[in-house]
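Enquirer: got a structure for you, letters missing:
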(Lines give C-alpha, C1' and ligand atoms only; values in the text may rest on other atoms or scores of the structure.)
Protein backbone atom coordinates (compact mmCIF):
# COMPACT_ATOMS: atom_id res chain seq x y z
CA UNK A 1 0.00 0.00 0.00
CA UNK A 2 2.89 2.36 0.73
CA UNK A 3 4.13 1.90 -2.85
CA UNK A 4 0.76 3.11 -4.09
CA UNK A 5 1.02 6.18 -1.89
CA UNK A 6 4.53 6.93 -3.19
CA UNK A 7 3.51 6.47 -6.80
CA UNK A 8 0.58 8.82 -6.30
CA UNK A 9 2.22 11.46 -4.14
CA UNK A 10 -0.55 13.96 -3.55
CA UNK A 11 -0.25 17.74 -3.56
CA UNK A 12 -0.12 18.68 0.12
CA UNK A 13 -1.16 22.30 -0.48
CA UNK A 14 -4.54 21.16 -1.81
CA UNK A 15 -5.49 19.08 1.21
CA UNK A 16 -7.68 20.42 3.99
CA UNK A 17 -9.84 19.16 6.85
CA UNK A 18 -13.29 20.17 8.01
CA UNK A 19 -11.84 21.03 11.41
CA UNK A 20 -9.42 23.52 9.86
CA UNK A 21 -12.19 25.23 7.92
CA UNK A 22 -14.54 25.57 10.90
CA UNK A 23 -12.00 26.70 13.47
CA UNK A 24 -12.62 30.14 14.97
CA UNK A 25 -10.01 32.13 16.89
CA UNK A 26 -12.27 35.12 17.40
CA UNK A 27 -16.01 35.76 17.49
CA UNK A 28 -17.61 36.96 15.34
CA UNK A 29 -15.24 35.93 12.58
CA UNK A 30 -15.78 34.70 9.05
CA UNK A 31 -14.53 31.20 8.18
CA UNK A 32 -10.98 31.06 6.77
CA UNK A 33 -12.27 30.39 3.25
CA UNK A 34 -14.17 33.71 3.09
CA UNK A 35 -12.49 36.63 1.32
CA UNK A 36 -14.25 39.87 2.19
CA UNK A 37 -14.67 42.54 -0.48
CA UNK A 38 -17.53 44.25 1.30
CA UNK A 39 -16.13 47.41 2.82
CA UNK A 40 -18.16 50.49 1.92
CA UNK A 41 -15.53 51.89 -0.42
CA UNK A 42 -15.19 48.51 -2.15
CA UNK A 43 -18.95 48.19 -2.60
CA UNK A 44 -19.11 51.69 -4.07
CA UNK A 45 -16.26 50.91 -6.46
CA UNK A 46 -17.93 47.73 -7.72
CA UNK A 47 -21.26 49.52 -8.15
CA UNK A 48 -19.58 52.31 -10.12
CA UNK A 49 -17.88 49.89 -12.52
CA UNK A 50 -21.14 47.99 -13.05
CA UNK A 51 -23.02 51.20 -13.85
CA UNK A 52 -20.38 52.16 -16.40
CA UNK A 53 -20.87 48.83 -18.18
CA UNK A 54 -24.65 48.93 -18.36
CA UNK A 55 -25.76 47.23 -21.58
CA UNK A 56 -22.30 45.95 -22.49
CA UNK A 57 -22.11 42.59 -24.26
CA UNK A 58 -21.39 39.92 -21.66
CA UNK A 59 -18.71 38.35 -23.81
CA UNK A 60 -16.75 41.61 -23.65
CA UNK A 61 -16.52 41.72 -19.86
CA UNK A 62 -12.98 41.01 -18.68
CA UNK A 63 -10.40 42.56 -16.32
CA UNK A 64 -9.66 45.27 -18.88
CA UNK A 65 -13.27 46.35 -19.36
CA UNK A 66 -14.06 45.72 -15.67
CA UNK A 67 -11.09 47.51 -14.03
CA UNK A 68 -10.69 47.27 -10.27
CA UNK A 69 -8.41 48.94 -7.75
CA UNK A 70 -5.20 47.15 -6.74
CA UNK A 71 -6.77 46.30 -3.37
CA UNK A 72 -9.74 44.38 -4.80
CA UNK A 73 -7.72 42.95 -7.67
CA UNK A 74 -5.18 41.54 -5.21
CA UNK A 75 -7.90 39.80 -3.21
CA UNK A 76 -9.36 38.20 -6.33
CA UNK A 77 -5.95 37.13 -7.63
CA UNK A 78 -5.18 35.51 -4.27
CA UNK A 79 -8.54 33.74 -4.47
CA UNK A 80 -7.66 32.51 -7.95
CA UNK A 81 -4.33 31.14 -6.72
CA UNK A 82 -6.10 29.37 -3.85
CA UNK A 83 -8.32 27.59 -6.37
CA UNK A 84 -5.47 26.26 -8.49
CA UNK A 85 -2.63 25.89 -5.98
CA UNK A 86 -4.32 25.77 -2.57
CA UNK A 87 -7.34 24.17 -0.93
CA UNK A 88 -9.47 24.64 -4.06
CA UNK A 89 -12.45 26.68 -2.87
CA UNK A 90 -13.20 30.20 -1.72
CA UNK A 91 -16.20 32.38 -0.94
CA UNK A 92 -15.84 35.98 -2.10
CA UNK A 93 -18.09 38.13 0.10
CA UNK A 94 -19.34 41.18 -1.81
CA UNK A 95 -22.00 42.26 0.65
CA UNK A 96 -25.80 41.90 0.66
CA UNK A 97 -26.76 45.09 -1.21
CA UNK A 98 -28.32 43.16 -4.12
CA UNK A 99 -31.45 45.31 -4.04
CA UNK A 100 -29.40 48.17 -5.45
CA UNK A 101 -28.80 46.23 -8.68
CA UNK A 102 -31.06 45.28 -11.56
CA UNK A 103 -30.91 41.63 -12.62
CA UNK A 104 -28.82 42.49 -15.67
CA UNK A 105 -26.42 44.46 -13.48
CA UNK A 106 -26.02 41.46 -11.18
CA UNK A 107 -24.95 39.47 -14.22
CA UNK A 108 -22.39 42.16 -15.09
CA UNK A 109 -21.11 42.11 -11.49
CA UNK A 110 -20.83 38.31 -11.52
CA UNK A 111 -19.07 38.20 -14.89
CA UNK A 112 -16.72 41.01 -13.93
CA UNK A 113 -15.57 39.47 -10.66
CA UNK A 114 -15.42 35.98 -12.21
CA UNK A 115 -13.19 37.25 -15.04
CA UNK A 116 -10.38 37.68 -12.50
CA UNK A 117 -10.65 33.96 -11.72
CA UNK A 118 -11.01 32.53 -15.23
CA UNK A 119 -10.85 33.96 -18.74
CA UNK A 120 -12.93 31.22 -20.39
CA UNK A 121 -16.60 30.44 -19.78
CA UNK A 122 -18.05 27.04 -20.64
CA UNK A 123 -21.45 26.61 -22.26
CA UNK A 124 -24.11 24.65 -20.42
CA UNK A 125 -26.43 23.72 -23.29
CA UNK A 126 -26.41 23.54 -27.08
CA UNK A 127 -28.06 26.94 -27.35
CA UNK A 128 -24.93 28.55 -25.93
CA UNK A 129 -26.30 29.38 -22.49
CA UNK A 130 -23.31 30.11 -20.25
CA UNK A 131 -25.18 31.23 -17.15
CA UNK A 132 -27.76 29.03 -15.43
CA UNK A 133 -30.26 29.89 -12.71
CA UNK A 134 -30.24 27.32 -9.92
CA UNK A 135 -33.64 27.89 -8.36
CA UNK A 136 -37.20 26.64 -8.11
CA UNK A 137 -38.91 29.72 -9.49
CA UNK A 138 -42.47 30.45 -8.41
CA UNK A 139 -43.63 30.67 -12.02
CA UNK A 140 -42.55 27.06 -12.59
CA UNK A 141 -44.80 25.57 -9.90
CA UNK A 142 -47.22 24.08 -12.43
CA UNK A 143 -44.46 21.92 -13.97
CA UNK A 144 -44.12 18.56 -12.18
CA UNK A 145 -40.85 18.14 -10.32
CA UNK A 146 -40.01 14.97 -12.22
CA UNK A 147 -39.94 16.95 -15.49
CA UNK A 148 -37.32 19.39 -14.23
CA UNK A 149 -33.58 19.20 -13.77
CA UNK A 150 -32.60 18.62 -10.16
CA UNK A 151 -31.18 22.14 -9.93
CA UNK A 152 -34.66 23.51 -10.67
CA UNK A 153 -36.40 21.79 -7.75
CA UNK A 154 -36.39 22.07 -3.96
CA UNK A 155 -35.18 18.49 -3.61
CA UNK A 156 -31.88 17.49 -2.07
CA UNK A 157 -29.05 16.94 -4.54
CA UNK A 158 -26.77 13.97 -3.90
CA UNK A 159 -22.99 14.19 -4.01
CA UNK A 160 -21.80 15.04 -7.52
CA UNK A 161 -19.58 17.17 -9.68
CA UNK A 162 -20.72 19.32 -12.59
CA UNK A 163 -19.24 16.94 -15.14
CA UNK A 164 -16.81 18.72 -17.46
CA UNK A 165 -16.51 21.93 -15.45
CA UNK A 166 -13.12 23.25 -14.24
CA UNK A 167 -14.13 25.96 -11.76
CA UNK A 168 -17.73 26.06 -10.54
CA UNK A 169 -18.86 29.61 -9.73
CA UNK A 170 -22.12 30.31 -7.88
CA UNK A 171 -23.49 33.80 -7.19
CA UNK A 172 -25.89 33.72 -4.23
CA UNK A 173 -28.90 35.92 -4.98
CA UNK A 174 -31.30 34.52 -2.40
CA UNK A 175 -31.53 31.94 0.37
CA UNK A 176 -34.21 29.46 1.40
CA UNK A 177 -36.53 29.83 4.36
CA UNK A 178 -35.07 26.59 5.68
CA UNK A 179 -32.59 24.03 4.38
CA UNK A 180 -30.74 24.34 1.09
CA UNK A 181 -27.25 24.37 2.57
CA UNK A 182 -24.39 23.74 0.16
CA UNK A 183 -21.83 21.12 1.16
CA UNK A 184 -18.45 20.25 -0.32
CA UNK A 185 -16.09 17.33 0.26
CA UNK A 186 -12.43 17.05 -0.70
CA UNK A 187 -11.46 14.42 -3.24
CA UNK A 188 -8.13 14.05 -1.41
CA UNK A 189 -9.77 13.14 1.92
CA UNK A 190 -12.15 10.73 0.21
CA UNK A 191 -9.29 9.11 -1.72
CA UNK A 192 -7.19 8.56 1.38
CA UNK A 193 -10.06 6.70 3.06
CA UNK A 194 -10.70 4.66 -0.08
CA UNK A 195 -7.03 3.76 -0.30
CA UNK A 196 -6.71 2.73 3.34
CA UNK A 197 -10.10 1.13 4.02
CA UNK A 198 -11.84 0.36 0.71
CA UNK A 199 -9.16 -0.61 -1.85
CA UNK A 200 -11.54 -2.86 -3.78
CA UNK A 201 -14.03 -0.01 -4.18
CA UNK A 202 -11.19 2.28 -5.25
CA UNK A 203 -10.28 -0.19 -7.99
CA UNK A 204 -13.88 -0.12 -9.22
CA UNK A 205 -14.10 3.68 -9.12
CA UNK A 206 -10.85 4.16 -11.06
CA UNK A 207 -11.73 1.61 -13.74
CA UNK A 208 -12.87 3.12 -17.06
CA UNK A 209 -15.99 0.97 -17.00
CA UNK A 210 -18.65 3.42 -15.82
CA UNK A 211 -21.38 3.96 -18.45
CA UNK A 212 -22.32 7.64 -18.78
CA UNK A 213 -25.28 8.35 -21.06
CA UNK A 214 -24.60 11.48 -23.09
CA UNK A 215 -27.51 11.55 -25.56
CA UNK A 216 -31.12 10.42 -25.47
CA UNK A 217 -32.03 9.91 -29.12
CA UNK A 218 -30.24 7.92 -30.26
CA UNK A 219 -29.02 6.81 -26.84
CA UNK A 220 -25.22 6.96 -26.70
CA UNK A 221 -22.82 6.50 -23.85
CA UNK A 222 -19.15 6.60 -22.98
CA UNK A 223 -17.15 4.50 -20.53
CA UNK A 224 -15.06 6.48 -18.08
CA UNK A 225 -13.62 6.32 -14.55
CA UNK A 226 -15.18 8.29 -11.73
CA UNK A 227 -11.88 8.76 -9.89
CA UNK A 228 -8.38 9.21 -11.24
CA UNK A 229 -5.04 10.24 -9.72
CA UNK A 230 -2.96 12.34 -12.07
CA UNK A 231 -0.19 14.94 -11.55
CA UNK A 232 -0.51 14.77 -7.78
CA UNK A 233 -4.24 15.53 -7.85
CA UNK A 234 -7.27 13.37 -7.13
CA UNK A 235 -9.70 13.96 -9.98
CA UNK A 236 -13.38 13.12 -9.64
CA UNK A 237 -16.03 13.30 -12.36
CA UNK A 238 -19.29 11.85 -11.14
CA UNK A 239 -23.01 12.55 -11.20
CA UNK A 240 -25.09 9.53 -10.08
CA UNK A 241 -28.00 10.59 -12.28
CA UNK A 242 -25.82 10.21 -15.37
CA UNK A 243 -24.63 6.70 -14.69
CA UNK A 244 -26.09 3.71 -16.50
CA UNK A 245 -29.29 3.60 -18.50
CA UNK A 246 -31.58 6.53 -17.77
CA UNK A 247 -35.19 5.57 -16.84
CA UNK A 248 -36.64 7.74 -19.62
CA UNK A 249 -34.60 5.85 -22.20
CA UNK A 250 -35.55 2.51 -20.64
CA UNK A 251 -39.28 3.33 -20.79
CA UNK A 252 -39.04 4.52 -24.39
CA UNK A 253 -38.32 1.01 -25.65
CA UNK A 254 -35.47 2.30 -27.82
CA UNK A 255 -32.88 -0.38 -28.43
CA UNK A 256 -29.67 0.50 -26.65
CA UNK A 257 -26.44 -1.11 -25.52
CA UNK A 258 -26.08 1.12 -22.45
CA UNK A 259 -25.40 -1.29 -19.56
CA UNK A 260 -26.86 -1.07 -16.09
CA UNK A 261 -24.53 -0.55 -13.17
CA UNK A 262 -23.10 -3.72 -11.67
CA UNK A 263 -23.47 -4.70 -8.01
CA UNK A 264 -19.82 -3.80 -7.46
CA UNK A 265 -20.33 -0.37 -9.01
CA UNK A 266 -23.42 0.32 -6.90
CA UNK A 267 -21.49 -0.65 -3.77
CA UNK A 268 -18.56 1.58 -4.72
CA UNK A 269 -20.91 4.49 -5.37
CA UNK A 270 -22.49 4.01 -1.93
CA UNK A 271 -19.06 4.03 -0.31
CA UNK A 272 -18.06 7.17 -2.22
CA UNK A 273 -21.23 8.90 -1.05
CA UNK A 274 -20.77 7.87 2.58
CA UNK A 275 -17.17 9.09 2.61
CA UNK A 276 -18.17 12.43 1.08
CA UNK A 277 -20.71 12.82 3.88
CA UNK A 278 -18.05 11.89 6.46
CA UNK A 279 -15.73 14.66 5.22
CA UNK A 280 -18.35 17.25 4.31
CA UNK A 281 -18.08 20.94 5.02
CA UNK A 282 -21.17 23.13 5.11
CA UNK A 283 -20.32 26.39 3.36
CA UNK A 284 -21.44 29.48 5.23
CA UNK A 285 -22.89 31.78 2.61
CA UNK A 286 -25.13 34.81 2.44
CA UNK A 287 -26.79 36.81 -0.37
CA UNK A 288 -24.16 38.58 -2.45
CA UNK A 289 -21.49 35.91 -1.98
CA UNK A 290 -19.75 34.31 -4.96
CA UNK A 291 -18.65 30.73 -4.31
CA UNK A 292 -15.75 29.36 -6.36
CA UNK A 293 -15.03 25.62 -6.24
CA UNK A 294 -12.39 23.51 -7.95
CA UNK A 295 -14.89 21.14 -9.50
CA UNK A 296 -12.41 18.35 -10.27
CA UNK A 297 -11.20 18.03 -6.67
CA UNK A 298 -14.47 18.49 -4.81
CA UNK A 299 -17.85 16.83 -4.70
CA UNK A 300 -20.76 19.04 -3.73
CA UNK A 301 -24.31 18.45 -2.55
CA UNK A 302 -27.24 20.30 -1.06
CA UNK A 303 -30.08 19.74 1.40
CA UNK A 304 -33.70 19.85 0.41
CA UNK A 305 -35.20 23.22 1.20
CA UNK A 306 -38.33 25.28 1.67
CA UNK A 307 -38.71 28.70 0.11
CA UNK A 308 -40.53 31.58 1.83
CA UNK A 309 -44.13 32.12 0.72
CA UNK A 310 -43.27 35.70 -0.25
CA UNK A 311 -40.13 37.57 -1.20
CA UNK A 312 -36.81 36.29 -2.56
CA UNK A 313 -36.40 32.53 -2.95
CA UNK A 314 -33.30 30.38 -2.87
CA UNK A 315 -31.51 31.47 -6.03
CA UNK A 316 -27.98 30.75 -7.16
CA UNK A 317 -26.56 31.72 -10.55
CA UNK A 318 -23.99 29.38 -12.07
CA UNK A 319 -20.97 29.80 -14.35
CA UNK A 320 -18.46 27.19 -15.53
CA UNK A 321 -15.05 28.87 -15.58
CA UNK A 322 -11.64 27.96 -16.90
CA UNK A 323 -8.31 29.75 -16.67
CA UNK A 324 -6.31 29.27 -19.88
CA UNK A 325 -3.00 29.72 -18.04
CA UNK A 326 -3.61 27.99 -14.72
CA UNK A 327 -6.19 25.27 -15.37
CA UNK A 328 -4.87 21.73 -15.31
CA UNK A 329 -4.65 19.35 -18.27
CA UNK A 330 -7.76 17.19 -18.05
CA UNK A 331 -7.14 13.43 -18.15
CA UNK A 332 -8.18 12.02 -21.50
CA UNK A 333 -10.48 9.52 -19.80
CA UNK A 334 -12.57 12.38 -18.36
CA UNK A 335 -12.35 14.79 -21.30
CA UNK A 336 -15.63 14.20 -23.19
CA UNK A 337 -17.92 16.44 -21.09
CA UNK A 338 -15.10 18.97 -20.64
CA UNK A 339 -14.65 19.28 -24.40
CA UNK A 340 -18.41 19.77 -24.79
CA UNK A 341 -18.33 22.71 -22.37
CA UNK A 342 -15.10 24.45 -23.37
CA UNK A 343 -14.02 23.14 -26.78
CA UNK A 344 -17.26 23.36 -28.74
CA UNK A 345 -17.81 25.43 -31.87
CA UNK A 346 -20.38 27.72 -30.26
CA UNK A 347 -19.22 31.32 -30.37
CA UNK A 348 -22.51 32.82 -29.18
CA UNK A 349 -22.74 33.00 -25.38
CA UNK A 350 -26.03 33.78 -23.65
CA UNK A 351 -26.22 35.19 -20.13
CA UNK A 352 -29.92 35.24 -19.14
CA UNK A 353 -30.49 37.78 -16.39
CA UNK A 354 -33.34 35.92 -14.71
CA UNK A 355 -35.23 32.61 -14.83
CA UNK A 356 -37.63 32.05 -17.71
CA UNK A 357 -41.28 32.94 -17.25
CA UNK A 358 -42.24 29.58 -18.73
CA UNK A 359 -40.38 26.37 -17.96
CA UNK A 360 -39.71 24.17 -20.96
CA UNK A 361 -39.11 20.61 -19.76
CA UNK A 362 -36.07 19.06 -21.38
CA UNK A 363 -36.58 15.92 -23.43
CA UNK A 364 -34.02 14.17 -21.29
CA UNK A 365 -33.51 15.16 -17.69
CA UNK A 366 -31.11 13.53 -15.30
CA UNK A 367 -28.40 14.27 -12.85
CA UNK A 368 -27.88 17.20 -10.61
CA UNK A 369 -26.55 19.59 -13.22
CA UNK A 370 -27.79 20.41 -16.72
CA UNK A 371 -25.36 18.40 -18.87
CA UNK A 372 -24.84 20.39 -22.03
CA UNK A 373 -24.21 17.58 -24.51
CA UNK A 374 -27.78 16.33 -24.81
CA UNK A 375 -29.79 19.51 -24.23
CA UNK A 376 -31.06 21.11 -27.44
CA UNK A 377 -33.11 23.79 -25.72
CA UNK A 378 -32.25 25.66 -22.59
CA UNK A 379 -34.95 25.49 -19.95
CA UNK A 380 -34.32 28.62 -17.97
CA UNK A 381 -33.48 31.34 -20.47
CA UNK A 382 -36.01 33.91 -21.60
CA UNK A 383 -36.97 34.18 -25.24
CA UNK A 384 -35.15 36.59 -27.51
CA UNK A 385 -35.65 40.19 -26.61
CA UNK A 386 -35.78 39.67 -22.86
CA UNK A 387 -33.40 41.27 -20.42
CA UNK A 388 -30.11 39.49 -20.90
CA UNK A 389 -26.48 40.20 -21.62
CA UNK A 390 -25.46 38.21 -24.65
CA UNK A 391 -23.17 38.22 -27.59
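Expert: Thanks, I have it. The shown structure was predicted, so the numbers you read here are calculated from the model rather than taken from an experiment.
Enquirer: show me what contacts the nearest residue to residue 304 once chain neighbours are set aside?
Expert: Counting by Cβ to Cβ, 6 or more residues apart in numbering, residue 304 lies nearest to residue 156, which is 4.2 Å off, once chain neighbours are set aside. All C-beta atoms are positioned from the backbone trio N, CA, C, and that covers glycine. Residues counted as contacts of residue 156 (Cβ atoms under 8 Å, 6 or more residues apart in numbering) are 301, 302, 303, 304.
Enquirer: run the last query once more with 7 Å
Expert: By Cβ atoms under 7 Å, 6 or more residues apart in numbering, residue 156 lies in contact with 302, 303, 304.
Enquirer: reformat those as JSON lines; add distance to residue 111, pLDDT and neighbour count.
Expert: Output for the contacts of residue 156, formatted as JSON lines (distance: Cβ to Cβ, whole Å; pLDDT from 0 to 100; neighbours: other Cβ atoms under 10 Å):
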{"residue": "302", "distance to residue 111": "24", "pLDDT": "96", "neighbour count": "25"}
{"residue": "303", "distance to residue 111": "28", "pLDDT": "95", "neighbour count": "16"}
{"residue": "304", "distance to residue 111": "30", "pLDDT": "96", "neighbour count": "13"}
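Enquirer: and the spatially closest residue to residue 230 that is not a sequence neighbour, how far from residue 13?
Expert: Leaving aside its sequence neighbours, residue 230 sits nearest to residue 331 (Cβ to Cβ, 6+ apart; 5.1 Å). Applying Cβ to Cβ, to the nearest Å, the value for residue 331 to residue 13 is 20 Å.
Enquirer: helices of this protein, start to end?
Expert: Secondary structure of the chain (DSSP state H): helices at 2-7, 18-22, 40-52, 70-85, 103-114, 187-197, 199-206, 247-252, 263-278, 335-342.
Enquirer: closest to residue 166 out of the ones you listed?
Expert: With Cβ to Cβ, the closest approach to residue 166 among the helices of the chain belongs to helix 335-342: 7.5 Å.
Enquirer: residues of that closest one that come out buried?
Expert: 335, 336, 337, 338, 340, 341, 342 (16 or more other Cβ atoms under 10 Å).
Enquirer: my guess is the fourth one contacts residue 328, does it?
Expert: I take that to be residue 338. No - between residue 338 and residue 328 there is no contact under Cβ atoms under 7 Å: 10.7 Å.
Enquirer: count the neighbours of the nearest residue to residue 232 once chain neighbours are set aside for me.
Expert: Of all residues not flanking residue 232 in the chain, residue 11 sits nearest, at 4.2 Å (Cβ to Cβ, 6+ apart). By other Cβ atoms under 10 Å, 15 other residues sit near residue 11.
Enquirer: likewise the one 5 residues further on?
Expert: With neighbours defined by other Cβ under 10 Å, the count for residue 16 comes to 19.
Enquirer: give me phi/psi at it?
Expert: phi -150, psi 160 (degrees, to the nearest 10).
Enquirer: how near is the closest residue in space to it that isn't next to it in sequence to residue 17?
Expert: Using Cβ to Cβ, 6+ apart and skipping the chain neighbours, the partner closest in space to residue 16 is residue 87 (4.4 Å). Distance, residue 87 to residue 17, using Cβ to Cβ: 10 Å.
Enquirer: in this structure residue 45 contacts residue 69, no?
Expert: Yes - using Cβ under 7 Å, residue 45 makes contact with residue 69 at a distance of 6.0 Å.
Enquirer: neighbour count winner among these two?
Expert: Counted by other Cβ under 10 Å, residue 45 and residue 69 do not tie: residue 45 has more neighbours, with 17 against 12.
Enquirer: got any ranges where the stretch 201-350 of the chain has weak pLDDT?
Expert: 247-249 (pLDDT under 70).
Enquirer: just the strands in it please.
Expert: Secondary structure of the stretch 201-350 of the chain by DSSP state E, counting those that start in this stretch: the strands cover 210-216, 219-224, 227-230, 233-236, 281-282, 290-294, 298-302, 305-306, 315-322.
Enquirer: partners of the last one in the sheet?
Expert: This means strand 315-322. strand 120-121 (antiparallel), strand 132-135 (antiparallel), strand 167-174 (antiparallel) (DSSP bridges).
Enquirer: want to throw those into a markdown table with mean neighbour count and mean pLDDT?
Expert: Below are these laid out as a markdown table (neighbours: other Cβ atoms under 10 Å; pLDDT from 0 to 100):
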| stretch | mean neighbour count | mean pLDDT |
| --- | --- | --- |
| strand 120-121 | 20 | 96 |
| strand 132-135 | 25 | 94 |
| strand 167-174 | 23 | 97 |
